[in-house]
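Visitor: Kindly generate the corresponding structure for this input.
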Amino acid sequence: MAANGAVYVAWQTQSPYFMQEHFMVSRRHVTTHPHTLVTAGFSHMNGYHLLGNMVTLFFFGPNVVAALGARAFMSLYMGAGIASSVAHVAMVPYRPALGASGSMNAVVAYGICLNPWALIVVFAEFLPIPMPAALYGAIYIGNDVMAAMGMDNPLSSRMPVAHAAHVAGAAVGLGWFALTRGRGGGSGPWRRLR
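Guide: Okay, here's the model as predicted:
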């Protein structure tokens with residue numbers, strides 16, 4: 001959270017050109033500044049974008065950290081961020097993107113796999129709607145899958161969203177859960193991450 005907050009402050013105080021060159025990902029950015037595959041995953045220039053991702057991390061992160069341990073959690077977060085950046089560059093190479101949403105989708109997917117029947121309360125137009133985590137995940141991730149495939153759906157945002165990055169992040173979270181079976185790194189090389 002602190003790293004995301006620090007990069008947000010930099011967006012508000014530093015040269016926009018510098019921030020775009022070093023904290024956004026696209027094919028051009030990756031060829032000149034490969035570190036953007038990582039830094040874009042901590043970058044938010046919009047306060048609502050930052051708030052949404054950090055609230056998600058606040059609610060889903062602790063359970064995933066408890067299951068994996070701090071080091072493996074950071075590996076999941078960073079791995080999903082890089083995979084999300086690569087997916088975005090592969091699918092939408094010329095539109096720059098930024099944000100921790102790919103990493104958040106990995107954390108959400110992993111958290112939902114840990115407890116698919118946990119009750120989640122979603123607010124739709126300030127109306128609280130309780131639903132099982134598995135249903136929430138299917139709607140949340142399904143929306144991105146549909147949008148990445150170019151399909152219209154009523155939940156899709158009118159804002160430009162890096163849907164391929166979101167899907168890649170969710171896939172990393174699901175894959176990580178399958179490899180670790182919800183335990184702190186599982187066996188073999190995964191145990192060393194703990």
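Visitor: which residue ranges form the helices in this protein?
Guide: 2-13, 16-23, 27-32, 36-39, 47-68, 70-91, 101-114, 133-148, 163-180, 189-193 (DSSP state H).
Visitor: got a list of contacts for the fourth one?
Guide: Spelled out, that is helix 36-39. 7, 22-25, 29-30, 78, 81-82, 85-86, 89 (CB atoms under 8 Å, 6 or more residues apart in numbering). Heads up, the C-betas are built off the backbone N, CA and C, glycines and all.
Visitor: Please name whichever of the helices of the chain is nearest to residue 126.
Guide: Comparing those by their distance to residue 126 (CB to CB), the top pick is helix 47-68, with 15.5 Å.
Visitor: Which other helices and strands does the closest one contact?
Guide: helix 2-13, helix 70-91, helix 101-114 (3 or more CB pairs under 8 Å, 6 or more residues apart in numbering; DSSP states H and E).
Visitor: Now do the buried residues in the shortest one.
Guide: Buried residues in helix 2-13, defined by neighbour count with 16 or more other CB atoms under 10 Å: 4, 7, 8, 10, 11.
Visitor: how about low-confidence regions in the protein?
Guide: Of all residues in the chain, those with pLDDT under 70 make up the ranges 153-160, 182, 184-194.
Visitor: Let's see that with 80 instead.
Guide: 122-126, 147-162, 181-194 (pLDDT under 80).
Visitor: thinking again about what came up before, with distance to residue 119 as added columns, please give the buried residues of helix 2-13 in JSON lines.
Guide: Rendered in JSON lines, the data for these read as follows (distance: CB to CB, whole Å):
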{"residue": "4", "distance to residue 119": "27"}
{"residue": "7", "distance to residue 119": "33"}
{"residue": "8", "distance to residue 119": "31"}
{"residue": "10", "distance to residue 119": "38"}
{"residue": "11", "distance to residue 119": "36"}
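Visitor: Tell me the one of those residues nearest residue 165?
Guide: Distance to residue 165 across the buried residues of helix 2-13 (CB to CB) is lowest for residue 4, with 15.6 Å.
Visitor: OK, contacts around the closest residue to that closest one other than its chain neighbours?
Guide: The spatial neighbour of residue 4 that comes closest, neighbours along the chain excluded (CB to CB, 6 or more residues apart in numbering), is residue 42 at 5.3 Å. Residues near residue 42 by CB under 8 Å, 6+ apart: 3, 4, 7, 23, 81, 100.
Visitor: Please report how far residue 42 lies from residue 117.
Guide: Noted for residue 42: a distance of 32 Å to residue 117, by CB to CB, to the nearest Å.
Visitor: Next: residue 73.
Guide: 22 Å.
Visitor: which one of the two has more residues nearby?
Guide: For residue 73 and residue 117, the more surrounded residue by other CB atoms under 10 Å is residue 73, and the numbers stand at 22 against 9.
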